[in-house]
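**Q** One predicted model, sequence on top.
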Amino acid sequence: MRENWLWSWITTVDHKRIGILYLIGGGFFFAVAGLEALLIRIQLMFPDNSFIVGDTFNQLFTMHGTTMLFLVALPILFGFMNFVVPLQIGARDVAFPFLNNLGFWLYISGGLLLNLSWLFGGAPDAGWTNYATLALNDYSPGPGVNYYVLGLQIAGLGTLMSAINFITTIVNMRAPGMSYLRLPMFTWTTFVTSALIMFAFPPLTAGLFMMMFDRIFGANFFTTTGGGNVTVWQHIFWIFGHPEVYILILPAFGVFSDVISTFSRKRLFGYHSMVFAVVLIGFLGFMVWLHHMFTVGLGPVANSIFAISTMAIAVPTGIKIFNWLFTMWGGRIRFTTAMLYAAGFIVSFVMGGVTGVMLGVVPADLQFHDTYFVVAHFHYVIIGGTVFGIMTGFYYWWPKMFGTVLNEKLGKWNFWLFFFGFHLTFFPQHFLGLNGMPRRVYTFEANKGLETGNLVSTIGTFLMTIALLILLYNVAKSIRKGEPASGDPWDGRSLEWAVSSPPPAYNFAQTPRVRGLDAWWLEKVQGDGKLKPAEPLGPIHMPSPSYLPFIMAVGFFISGFGFVFHSWQVGALGLVVVFVTMYIRSFEEDHGFHIQPDELKPQGVES
Amino acid sequence: MRIEEQTGTVVGGLPAEPEKATLEGKNKIVGFWLFLAAESTLFATEMGAYVALKGSHLNGPPSQELFQLPMVALSTLILLVSSLTSVLGVMSMHTGDARKMLTWFGLTVLLGAAFLGLETYEFMEYVHEGHTLTGSAFASSFYLLLGTHGAHVLFGVLWILGLVIQGAKKGITVHTAPKFYLASLYWHFIDVVWIFIFTVVYLMGMI
């Protein structure tokens, strides 16, 4: 049974394979949510269109937003973090390999549960923010919102585990000499992002519990007739939801920092201020949630305080933008696809940032609120930031992950089509919003000045789709007959480029000794181009694969499905599976195995 | 797992702090503190919702008529003592006395179960007085907060019970020691949360 390849992927505890699994899972949900976006834009292509109307449209935009934010952006970033962070800090693995596998399967379990709603009982349709009272039984009677509540609960549990895992790994498992101020920026942003997850996801957990109790057990948290208060949901949701957008953007910032310094052949300008800016953004991310609620009417004092704290975030973000520009300034820039995406990000993200500051002006926000202006803003920052970051990381780390280089010519086609498609889609939406087009509506009238913008926007969506198909083709081509990549195809700076591509299961035959910032670059320019070992060659301890996380995730899935349909017996049965598995795990005595020195794969680079 | 930096005195073949002797143990301790930090946020959110909603008791009894402080004080006492017994358990672990350790942790389990019994009795009393989950926003937020804490106590009781069984079989090793240490951390955390609940829900609920 252990020889079966599928089984070995299900039970794997290797952080690199789990990283690849996250990319596959994220890629799958990306296709689903992308298709949903395409359908939304086709409906809005012409005035008074009747392609998809009414409740189905509500389900589409709800699922598009929910899937993209929870099941695509963060998991793909988790994929990179899993693969890259242990390599960047000179570790052999993450702190909790078992938990890492469990986190992944919980994500898949929650994600599938959420998307099965299309087949059984109807998808959630109350928007990704799931506001009460719209999301309560009176206005959303079917099981749709239950899927939202339980799917996100399960997936969120996995996210929290992964965050704890990353922080522990970075705190405890850095190679000798890898001080905090020598961590590559991607590792730093992973660290801060994980801290944000730790404090942002538990409020969501609590909020989802309340929503679940209101919907399934008849509680009265948000039900106004029972004394509940709908703004409680809004506060809780945004105390989670605002940090969530920084959770999505900070890792992308890390990718850009690594990529821009690599392809400019310069050390990152202002490394220390970059670290400071990341930490400050992380902190301020929790101080601004109320700017999502300016129109609720919480009073001028609350609104002013949150408007000021919102604008304060532009300061550390500006520091970062200038540092990237100064890194490029005077560098010998190589415009690979990864670098193109990084440069395209700076332009796009600044535009998104500017509209963000505009939305932070309370009187103006009363005008912008719930129009396409907001839609344009958040797509500018999330696509222009996070998705560009994902693309950058994808082209940058693909050789490391799969041992082949992606075709650069196709890559450039992919970039330019995506870049123009993106701006074509979302730039006109600013003006649609200013001209009064509300978000979340399935149609608009002719002769109100909204036709051209909507048509252009939909054409842009098609360009992005073509760009992504080219990416898919590029991937397929590279897997079949890509040119093999060396360990260090980009002349990189951080430790992941010091091992072969793909790296051996144990990462480093000997734990490296780190002698400065940009540790690998340092060895190339000041040393003999080889890592200095910090320990003698010896047997390497490896954790054993385990099938228990998968069973546990299945238990959660069963439980979630039960509660969706108000069957607490099935729900309890699933939880019993979970707890029995936990007990088995606790009693299990498995100390893993060792790879002996004579089994180590001979490598080009000694490590 | 690699055993590194075995410093300090060795008692009965074990390092002085067996829970921190392996990298695995050290990772578990850091990871568990992080988990507790996340849990604090969960409880803080539920407590925030409770404070926001506690005035909405509609036709049900308000907190001043409902709560009976003597019984809650007894629960508090029991939980505080159980935290003490878990400390004594960890201290016995550090001296390498497995029997004593298991006894102290066993006592912790019993006290935890007693707390749960009292809480169940208390809830049944409240339901008799018309304070049900579906009655009002006050009741919903009360039962969610207290229920989350109670579920944590129940989980802790089952967990430590499992550990006691495991410890009886395997004794104190560098693999079992971190488990007992973490269980004791968890138990203190539950206690700290209860102090907040006692203050915010019960004491402030009487005025």
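**A** Done, it's in.

**Q** The residue of the stretch 201-350 of chain A found nearest chain B: what's it in contact with?
**A** With CB to the nearest CB, the shortest gap between the stretch 201-350 of chain A and chain B falls at A:Gly227, namely 3.1 Å. Quick note: C-beta positions are derived from backbone N, CA and C, even for glycine. By CB atoms under 8 Å, 6 or more residues apart in numbering or on different chains, the residues touching A:Gly227 are A:220, B:53, B:56-58, B:136-138.

**Q** and the longest helix for the chain?
**A** Using chain A. helix A:230-264 (DSSP state H).

**Q** Wait, chain B was what I had in mind.
**A** Max-length helix for chain B by DSSP H is helix B:137-170.

**Q** Tell me which other helices or strands that helix touches.
**A** Packing contacts for helix B:137-170, counted by 3 or more CB pairs under 8 Å, 6 or more residues apart in numbering or on different chains; DSSP states H and E, involve helix A:185-216, helix A:568-587, helix B:23-53, helix B:98-128, helix B:176-197.

**Q** So for that helix, what gets flagged as buried?
**A** For helix B:137-170, a neighbour-count test (16 or more other CB atoms under 10 Å in any protein chain shown) marks B:137-150, B:152-153, B:156-157, B:159-164, B:166-167 as buried.

**Q** quick one: it to helix B:23-53, angle?
**A** Orientation check (axes from the mean of the first three to the mean of the last three CA atoms, to 10 degrees): helix B:137-170 against helix B:23-53 gives 160 degrees.

**Q** Report the angle between helix B:137-170 and helix A:230-264.
**A** With the same axes, to 10 degrees defining the directions, helix B:137-170 sits at 50 degrees from helix A:230-264.

**Q** Give me the angle between helix B:137-170 and helix A:568-587.
**A** Helix B:137-170 and helix A:568-587 are oriented at 30 degrees to each other (the same axes, to 10 degrees).

**Q** Now do helix B:137-170: distance to the chain's middle.
**A** Put simply, helix B:137-170 sits 7 Å off its chain's centre (CA atoms, centre = their mean, to the nearest Å).

**Q** State the mean pLDDT of it.
**A** Confidence over helix B:137-170 (mean pLDDT, whole number) is 96.

**Q** show me the contacts for residue 54.
**A** I went with chain A, as the question did not name one. Contact analysis of A:Gly54 by CB under 8 Å, 6+ apart lists A:Tyr442.

**Q** let's do chain B instead
**A** By CB under 8 Å, 6+ apart, the contact set of B:Lys54 is B:63, B:138, B:141-142, B:205.

**Q** List, one by one, the residues from the stretch 201-350 of chain A near chain B.
**A** A:201-203, A:205-207, A:209-210, A:213-214, A:217-221, A:223, A:226-229, A:232, A:235-236, A:239 (CB under 8 Å from any CB of the partner chain).

**Q** Now, of those residues, which are buried?
**A** Buried residues within those, defined by neighbour count using 16+ other CB under 10 Å: A:201-203, A:205-207, A:209-210, A:213-214, A:219-221, A:223, A:226-229, A:232, A:235-236, A:239.

**Q** relative to helix A:185-216, how tilted is the longest helix of chain B?
**A** Using the same axes, to 10 degrees: helix B:137-170 against helix A:185-216 is 120 degrees.

**Q** now helix B:137-170 and helix B:176-197, what's the angle there?
**A** Going by the same axes, to 10 degrees, helix B:137-170 makes 160 degrees with helix B:176-197.
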